[in-house]
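[1] pasting the sequence and the predicted coordinates here, then a few questions.
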Amino acid sequence: MDQYTTDALKKWKEYCFRPVEIPFARAVKSLGTADELIVAKQSETRPNEWTLCYAGTSNPAIFVYAGVFAEAHPYATGNLVWGKSPIPEGLDEDRIARHASFKCAYSYAIETFHDKEIWTLQEEMDAYMDNVPGFNPRRMMRREWQNGSTYHWRYWFRVPMFLTCETRGGIRPDPPAGLHDWVAAAHKRSKMYRANPVRPEVCGLEGGRVQPISECTPNVLEYGDIVSIVFTLMYVENREDWGPIPMVTNIVRVRRANRDAYPLPSVSALPVPETPNLGLPMGTVIVDGMRGLSCSFF
């Protein structure tokens, strides 16, 4: 890996936008020590879900991590293509969803050809969960996908677009505000699923401020960009397996790519819809619905 990218990753893997955030690598490395930073807590209402929380609390821990951006599905719609709408260029027809289901996700990938740390962290995190008392009592296998046993060139952060409904009767709630029309329509049509209120906000660092990517130049993430990823993490036990689910709240481009090391493809692999104007003051980041957070960088 080139020195520019190496130095940038070293800085941004440890950089926290707010005091409440924890570098993901530091949190994972603390497990099994006398000074653990995080602990897995079982949901009181959904016993098959476990959330990584700040040690000594029941508050979800907010992690930061950095990587080299590789690719993404359309920011606002992921792999959902509603009804008879045409498939966006670059999406695999075999992987799209036409209605709300567990297959729908907002997906972002980081390059791991050189930097494989995320795979090691994933393996260590899984090993910790596998030994948490009360977790996976049926001793099901870890979900094979991205289980850390094999390395790949890219690591995907897949955020569920829809969550299962706790109750299937009664009045259907309106979809969360700010979602794409396709996602809102799928939410209204489904009786089993509801739209996830957490949709990754794609931002860029420009002029010392974090801004919506639509207000940055260029107004899309590009291959080789250094991105900071802000997320919470839960583990879910299913009928046949178990595995992690990251809830990414923000993806921030913090450095432009070194084009000598990461040349752009001759043809853009995937056109991305423009991020809607969030109507926020300059320098604002949205994390879990919180506003008014001004970020300055030096």
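    Good, I have the coordinates.

[2] name the element residue 211 belongs to?
    Assigned by DSSP states H and E, residue 211 falls within strand 209-212.

[3] partner strands of that strand, with direction?
    The strands beside strand 209-212 in its sheet (DSSP bridges) come out as strand 201-206 (antiparallel).

[4] for the strand it pairs with, which positions count as buried?
    201, 202, 203, 204, 205 (16 or more other Cβ atoms under 10 Å). All C-beta atoms are positioned from the backbone trio N, CA, C, and that covers glycine.

[5] for that strand, the averaged confidence score.
    For strand 201-206, mean pLDDT is 96.

[6] any regions of the stretch 51-200 of the chain where pLDDT drops low?
    Along the stretch 51-200 of the chain, segments meeting pLDDT under 70 span 148-151, 166-171.

[7] mind listing the helices for it?
    With helices called from DSSP state H, counting those that start in this stretch, the stretch 51-200 of the chain shows them at 117-130, 181-189.

[8] can you tell which of those is closest to residue 233?
    Closest approach to residue 233 among the helices of the stretch 51-200 of the chain (Cβ to Cβ): helix 117-130, 7.8 Å.

[9] buried sites along that closest one?
    For helix 117-130, by 16+ other Cβ under 10 Å, it's 117, 118, 119, 121, 122, 124, 125, 126, 128, 129.

[10] ok, back up a step: relative to residue 235, which of the helices of the stretch 51-200 of the chain is closest?
    helix 117-130 (5.2 Å).

[11] ok, residue 234 touching residue 50?
    Yes: contact criterion Cβ atoms under 8 Å: residue 234 and residue 50 qualify, at 6.2 Å.

[12] and these two? Which one has more around it.
    residue 50 (24 against 18; other Cβ atoms under 10 Å).

[13] show me the contact partners of the helix or strand hosting the more buried one.
    Using DSSP H and E, residue 50 maps to strand 49-54. With contact meaning Cβ atoms under 8 Å, 6 or more residues apart in numbering, strand 49-54 is reached by 22, 27, 37-43, 59-61, 63, 129, 132, 135, 232-237.

[14] list only those of the residues you listed flagged as buried.
    For the contacts of strand 49-54, a burial check counting by 16+ other Cβ under 10 Å picks out 22, 27, 37-42, 60-61, 63, 129, 135, 232-237.

[15] filter those residues down to the ones in strands?
    Among the buried ones among the contacts of strand 49-54, the members falling in strands (DSSP state E) are 22, 38-42, 63, 232-237.

[16] closest one of the residues you listed to residue 99?
    residue 236 (21.3 Å).

[17] what sits opposite that closest one in the beta ladder?
    Judged by DSSP bridges, the bridge partners of residue 236 are residue 49, residue 243.

[18] what pLDDT does it get?
    95.

[19] cool, residue 276 as well?
    Confidence at residue 276, expressed as pLDDT, is 36.

[20] now the spatially most central residue of the chain, what's its secondary structure?
    For the chain, the residue nearest the mean C-alpha position is residue 248 (3.0 Å; Cα atoms, centre = their mean). Three-state call for residue 248 (DSSP: H, G, I helix; E, B strand; the rest coil): strand.

[21] distance check, it against residue 187.
    19 Å (Cβ to Cβ, to the nearest Å).

[22] quick one: buried residues of stretch 72-86?
    Of the residues in stretch 72-86, 72, 73, 74, 75, 76, 77, 78, 79, 80, 81, 82 count as buried by neighbour count, 16+ other Cβ under 10 Å.

[23] residues contacting the second one?
    Right, the one you point to is residue 73. Residues counted as contacts of residue 73 (Cβ under 8 Å, 6+ apart) are 79, 91, 105, 106, 107, 108, 270.

[24] mind putting the residues you listed in CSV, distance to residue 228 included?
    Below are these laid out as CSV (distance: Cβ to Cβ, whole Å):
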residue, distance to residue 228
79, 24
91, 26
105, 20
106, 17
107, 17
108, 12
270, 21
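
[25] so residue 39 sits against residue 58, correct?
    No: using Cβ under 8 Å, residue 39 makes no contact with residue 58, being 9.3 Å away.
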